[in-house]
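Peer 1: My questions concern the predicted model and sequence given below.
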Amino acid sequence: MPRVVIALGGNALGKTPEEQKIKVRNAAKSLIELIKQGNEIIISHGNGPQVGMINIAFEEASKHNDKIASFDLPECTAMSQGYIGFHLQNALQAEIYAQKKPWYVATVVTQIEVDKEDKAFKNPTKPIGSFYTEEEAKTMMASDPSLVMKKDANRGYRRMVPSPKPVRILEKESVVSMLDHEFIVVTCGGGGVPVVREEDGSYHGVSAVIDKDFASGILAESVHADYLFILTAVDRVAIHFGTPEQQDLPKMSVEEAERYCEEGHFASGSMLPKVQAAISFVKAGEGRKAVIASLEKAPLAIKGESGTIIYKD
Ligand SMILES: Nc1ncnc2c1ncn2[C@@H]1O[C@H](COP(=O)(O)OP(=O)(O)O)[C@@H](O)[C@H]1O
Ligand SMILES: NC(=O)OP(=O)(O)O
């Protein structure tokens, strides 16, 4: 049975819990369809908008109410894993019930080890939270000099935080055991909670957000997946994105994808990590394929009728 890791984009999950519930309900239909087609699925998801929202909500509230504490990014990622996992479980269970299938679904709060010396800690590149105008971003940076705000793929300005590379999934054995027992598993949400290892063998959370595309790549590697599906807000990967020359690509060989990366076609922090994760996954094993597609058109992408497929020549 083909094993498929499906990464759902944080931006593709909508801006509010209500919007997310609707999007997740639609996604659940596609995900269950995949199982009915004979695939085993493992679900991961992003949390860029959500982790930023949770973080700023506690920070703002704590300024006005001394009974409310502010929470650092690892705790905010853990909270986002909980509430996005809740919506996914709820939507998948409704679909499973409607189809009278004997399937079970569970979310694993997942920690991912990162290197404490990772250079990313000194160069924040991961966009989180809402989009702002240039003027709003400048005002925010002036009132809080620790904030880094940068353009995100020509969609506006966003807060940037460090995004170290994922090294190891601490809950890998739990995930594999649940897969062995035929669970549908939601794991590595928001790229996983970033933790570093201390000399005494303990781990503690660090203030960063791991890119969920890279985390999904190591998840796919760790569970020996056959396919990596990265679902986002656009139907296909494009070259000359956002210009009159934009060309949407139904497929890319690994060599072409590497060339397009070098030529700068993919925005860092958004499309670039998806393409890089797809390349690494496809290159590392025989017969593997990666697909980047939209959440809405996932059922078509599964049949090869939408999305961009990345393959080894
Ligand atoms: N070359 C490109 N082709 C397609 N989309 C691109 C490209 N470069 C940047 N993008 C933007 O990247 C977005 C996907 O990244 P992002 O929103 O961070 O993903 P996620 O769904 O994981 O949150 C697309 O919706 C699109 O706006
Ligand atoms: N953590 C993360 O990569 O989230 P997004 O997919 O929302 O950017």
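Peer 2: Arrived safely. Numbers count the residues shown, from 1 in each chain. Ligands and ions are numbered 1, 2, ... in the order given.
Peer 1: The helix or strand hosting Phe58 vs ligand 1: in contact?
Peer 2: For Phe58, the enclosing helix or strand under DSSP states H and E is helix 48-64. Yes: applying Cβ under 6 Å from any ligand atom, one finds helix 48-64 touching ligand 1 at Gly48. C-betas here are computed from N, CA, C, even on glycine.
Peer 1: packing partners for the host helix or strand of Val275?
Peer 2: For Val275, the element it lies in under DSSP H and E is helix 271-283. In terms of contacts (3 or more Cβ pairs under 8 Å, 6 or more residues apart in numbering; DSSP states H and E), helix 271-283 is packed against helix 212-222, strand 227-232, strand 237-239, helix 254-262, strand 289-294, strand 308-311.
Peer 1: again, only using 10 Å
Peer 2: strand 3-8, helix 212-222, strand 227-232, strand 237-239, strand 251-253, helix 254-262, strand 289-294, strand 308-311 (3 or more Cβ pairs under 10 Å, 6 or more residues apart in numbering; DSSP states H and E).
Peer 1: Please convert those to TSV, extending it with mean pLDDT, mean neighbour count and distance to Gly269.
Peer 2: Shown next, in TSV, are the helices and strands packed on helix 271-283 (pLDDT from 0 to 100; neighbours: other Cβ atoms under 10 Å; distance: least, Cβ to Cβ, whole Å):
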stretch	mean pLDDT	mean neighbour count	distance to Gly269
strand 3-8	95	24	15
helix 212-222	96	26	10
strand 227-232	94	26	13
strand 237-239	97	22	15
strand 251-253	97	18	20
helix 254-262	98	15	14
strand 289-294	94	24	15
strand 308-311	97	22	19
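Peer 1: Save the ones you listed as TSV, and put in distance to Ala69 too.
Peer 2: Below are the helices and strands packed on helix 271-283 laid out as TSV (distance: least, Cβ to Cβ, whole Å):
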stretch	distance to Ala69
strand 3-8	30
helix 212-222	26
strand 227-232	33
strand 237-239	41
strand 251-253	46
helix 254-262	41
strand 289-294	38
strand 308-311	43
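Peer 1: So for ligand 2, which of those sits nearest?
Peer 2: helix 212-222 (3.6 Å; Cβ to the nearest ligand atom).
Peer 1: The residue of the stretch 51-200 of the chain found nearest ligand 2: what's it in contact with?
Peer 2: Of all residues in the stretch 51-200 of the chain, Gly191 sits closest to ligand 2, at 3.9 Å by Cβ to the nearest ligand atom. Gly191 makes contact with 7, 10, 44-48, 51, 77, 81, 110, 112, 114, 126, 163-164, 166, 208-216, 273, according to Cβ atoms under 10 Å, 6 or more residues apart in numbering.
Peer 1: Look up the closest residue to it, ignoring the ones flanking it.
Peer 2: Leaving aside its sequence neighbours, Gly191 sits nearest to Ile210 (Cβ to Cβ, 6 or more residues apart in numbering; 3.1 Å).
Peer 1: how close does that neighbour sit to ligand 2?
Peer 2: Using Cβ to the nearest ligand atom, to the nearest Å, Ile210 is found at 6 Å from ligand 2.
Peer 1: Help me confirm that that residue comes into contact with Ala120.
Peer 2: Yes: here Ile210 reaches Ala120: they are 9.4 Å apart, a contact under Cβ atoms under 10 Å.
Peer 1: the more surrounded of these two?
Peer 2: Ile210 (27 against 19; other Cβ atoms under 10 Å).
Peer 1: Now the more buried one. Its backbone dihedrals?
Peer 2: phi -80, psi 140 (degrees, to the nearest 10).
Peer 1: dump the residue contacts of it.
Peer 2: Per Cβ under 10 Å, 6+ apart, neighbours of Ile210: 47, 77, 112, 114, 120, 126, 162-167, 188, 190-194, 218.
Peer 1: And it, how far from ligand 1?
Peer 2: Distance from Ile210 to ligand 1, by Cβ to the nearest ligand atom: 12 Å.
Peer 1: Stretch 304-313 and ligand 1, any residue contact?
Peer 2: No: applying Cβ under 6 Å from any ligand atom, one finds stretch 304-313 out of contact with ligand 1, separated by at least 8.5 Å.
Peer 1: Format the CA atom coordinates belonging to that stretch as PDB.
Peer 2: What follows is stretch 304-313, C-alpha atoms only, in PDB (Å, rounded to 0.1, in the frame of the first residue of the first chain):
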ATOM      1  CA  GLY A 304      -2.500  13.800 -11.900                       C
ATOM      2  CA  GLU A 305      -5.000  16.400 -13.200                       C
ATOM      3  CA  SER A 306      -3.800  19.400 -11.200                       C
ATOM      4  CA  GLY A 307      -0.700  20.400  -9.200                       C
ATOM      5  CA  THR A 308       3.000  20.200 -10.100                       C
ATOM      6  CA  ILE A 309       4.700  16.800 -10.000                       C
ATOM      7  CA  ILE A 310       8.400  16.600  -9.200                       C
ATOM      8  CA  TYR A 311      10.100  13.500 -10.400                       C
ATOM      9  CA  LYS A 312      13.500  12.000 -11.000                       C
ATOM     10  CA  ASP A 313      14.500  11.500 -14.600                       C
END
